[in-house]
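# Here is the input, now give the coordinates:
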Amino acid sequence: MHRLPNKSAVLRFRFAALLLLAKWVLIVGSASFLGYSLFVGNQDLTRLSIGLIGLAVLAMLAQWLVAARARCPLCVGHPMAHKSCATHRDARRLFGSYRLHVALYVVFQGWFRCPFCGESTAIEVRRHRH
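As a prediction, the model looks like this:
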């Protein structure tokens, strides 16, 4: 299992994963909240749900910026960014997204399998030999 080169890479992966999960929760939640507010006819709830959609867009932008710097230590691919590169034959999806699968593993397992090279990486700093 590979490890990340420094602490900032670990923080980048964790922050990008949390932002991606927050984006998905905000999109699903705000869309259902918007549907409910339109069904009830409450304008205050509609404004609040539109504000949540705006917050989801901000989370999407922040995740895009952070994920651009999070790289796999082996293939130097971007497993947290949306790329149209060829994926490994064993790469797994969650709701059609490779990134969401990687993000859930980063947050809950502490490691991930790169969708491009198929190698597993621990979310911890590499030990240097002296």
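# helices or strands next to the top strand by length along the chain in the packing?
In the chain, ranked by residue count with DSSP state E as the criterion, the top strand is strand 120-125. With contacts defined as 3 or more Cβ pairs under 8 Å, 6 or more residues apart in numbering; DSSP states H and E, the secondary structure elements packing on strand 120-125 are strand 2-4, helix 7-40, strand 111-113. No exception for glycine: its C-beta is placed from N, CA and C like everyone else's.
# buried ones in that strand?
Residues of strand 120-125 classed as buried: 121-123 (neighbour count, 16 or more other Cβ atoms under 10 Å).
# Specify the angle between it and helix 7-40 in degrees.
Here strand 120-125 points in a direction 110 degrees away from that of helix 7-40 (axes from the mean of the first three to the mean of the last three Cα atoms, to 10 degrees).
# In JSON lines, list the helices and strands packed on strand 120-125 along with mean pLDDT.
Formatted as JSON lines, the entries for the helices and strands packed on strand 120-125 read as follows, by pLDDT from 0 to 100:
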{"stretch": "strand 2-4", "mean pLDDT": "85"}
{"stretch": "helix 7-40", "mean pLDDT": "93"}
{"stretch": "strand 111-113", "mean pLDDT": "88"}
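# The ones you listed into a markdown table, with extra columns for mean neighbour count and distance to L74?
Below are the helices and strands packed on strand 120-125 laid out as a markdown table (neighbours: other Cβ atoms under 10 Å; distance: least, Cβ to Cβ, whole Å):
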| stretch | mean neighbour count | distance to L74 |
| --- | --- | --- |
| strand 2-4 | 17 | 6 |
| helix 7-40 | 17 | 13 |
| strand 111-113 | 19 | 11 |
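# For the ones you listed, could you give me JSON lines that also reports distance to R47?
As requested, these are exported to JSON lines (distance: least, Cβ to Cβ, whole Å):
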{"stretch": "strand 2-4", "distance to R47": "42"}
{"stretch": "helix 7-40", "distance to R47": "9"}
{"stretch": "strand 111-113", "distance to R47": "38"}
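# Would you mind saying which of these lies nearest P73?
Taking Cβ to Cβ as the measure, the helices and strands packed on strand 120-125 were each checked against P73, and strand 2-4 came out nearest at 5.0 Å.
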